[in-house]
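Visitor: mind looking at a prediction? Sequence and model below.
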Amino acid sequence: MLLQAIHIRDPYILPEKNIYYLYGTRGQDTWGEGRGFDVYMSSDLSEWQGPVEIFRRTPDFWADRNYWAPEVYKYGGAYYMFASFKSATRCRGTAVLKSESPLGPFVPYSDGPVTPENWECLDGTLYISKDHIPYMVFCREWVQVGDGEIWATELSGDLKKAVGAPLYLFKGSDAPWADKNRERYITDGPFLYREEKLYMLWSGITDAGYVQGISVSENGELMGKWHHREKPLFGKNGGH
């Protein structure tokens with residue numbers, strides 16, 4: 001099938017041995033009951049095979065809705081999925097699942113969410129520091145705090161749990177392009193990458209709509225001061 005035939009949100013691609021693995025939120029399940037996640041495969045990013053179901057909710061799984069934004073990483077010889085979930089009695093949070101293959105099956109690995117128990121959180125992403133310490137960067141949602149925030153938490157070496165208290169990075173209104181007339185500021189979808197500097201892609205909102213911005217760490221590390229570009233990178237008033 002062609003890419004435009006795939007109905008997902010929050011796409012994430014893992015390249016592995018000349019194959020691209022595409023993960024995402026099932027479009028039809030975004031706001032209702034959560035049932036699982038799929039993967040699609042391609043050798044050229046144009047023609048795709050799938051979907052292959054890689055995680056299906058079991059009766060004892062802690063969450064039953066908002067199965068969002070799965071990201072899959074190869075780490076220490078296995079594959080780890082960071083995905084967001086919610087239930088009627090537990091806050092939305094990012095949990096870790098594990099598999100021996102990018103094609104799954106993925107099984108619950110962390111003991112529920114790795115994010116703080118009483119925080120509404122989403123979109124956890126894995127970051128490995130220059131000294132090889134794993135962190136999860138995630139959003140604390142605007143639905144709870146008004147001005148959405150981005151935090152980091154150090155993970156244990158096996159990625160199974162958080163270590164210590166979460167670390168505050170910045171809030172949505174810090175971006176110069178954020179609509180200053182709003183009472184609430186969205187932070188979504190952080191993703192980090194390093195070239196000469198440490199960059200973070202993340203999404204927010206302006207007076208023109210939902211956009212993607214880019215921020216740069218002053219000292220090249222998570223806990224450096226984050227500088228935000230004057231305009232969003234993608235979106236209705238961005239540069240692309």
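Guide: In hand now; what should we look at? Residues are numbered from 1 along each chain as shown.

Visitor: work out for me the element the residue of the chain positioned farthest from its centre sits within.
Guide: Among residues of the chain, the one most distant from the C-alpha centroid is residue 181; the distance is 27.0 Å, by C-alpha atoms, centre = their mean. Residue 181 is part of no helix or strand, with elements assigned from DSSP states H and E.

Visitor: for it, grab phi and psi.
Guide: Residue 181 adopts backbone torsions of phi -90, psi 0, taken as degrees, to the nearest 10.

Visitor: so who does it touch?
Guide: Residue 181 makes contacts with residue 207, as judged by C-beta atoms under 8 Å, 6 or more residues apart in numbering. Just so you know, the C-beta spots here come from the backbone N, C-alpha and C atoms, and that holds for glycine as well.

Visitor: got a list of what the spatially most central residue of the chain touches?
Guide: Against the mean C-alpha coordinate of the chain, by C-alpha atoms, centre = their mean, the closest residue is residue 123 at 3.1 Å. For residue 123, the contacting residues are 10, 68, 69, 84, 94, 138, 139, 188, 189, 190, taking C-beta under 8 Å, 6+ apart as the criterion.

Visitor: my guess is it is in a strand, correct?
Guide: Yes. In this structure, residue 123 lies within a strand as judged by DSSP: H, G, I helix; E, B strand; the rest coil.

Visitor: so residue 13 versus residue 102, what's the distance?
Guide: Counting by C-beta to C-beta, to the nearest Å, the separation of residue 13 from residue 102 is 11 Å.

Visitor: the more surrounded of those two?
Guide: For residue 13 and residue 102, the more surrounded residue by other C-beta atoms under 10 Å is residue 102, and the numbers stand at 22 against 15.

Visitor: check contacts around that one.
Guide: 14, 16, 21, 39, 72, 74, 79.

Visitor: now do residue 185
Guide: Contact partners of residue 185, counting by C-beta under 8 Å, 6+ apart, are 142, 146, 147, 148, 171, 172, 173, 178, 204, 205.

Visitor: shared neighbours, residue 13 and residue 102?
Guide: Between them, residue 13 and residue 102 share the neighbouring residues residue 21, with contact defined by C-beta under 8 Å, 6+ apart.

Visitor: list phi and psi for residue 12.
Guide: Its backbone dihedrals place residue 12 at phi -140, psi 130, with angles given as degrees, to the nearest 10.

Visitor: just checking, it touches residue 20?
Guide: No. Contact between residue 12 and residue 20 fails when scored by C-beta atoms under 8 Å: they sit 10.7 Å apart.

Visitor: low-confidence ranges in this structure?
Guide: Filtered on pLDDT under 70, the chain yields the residue ranges 234-240.
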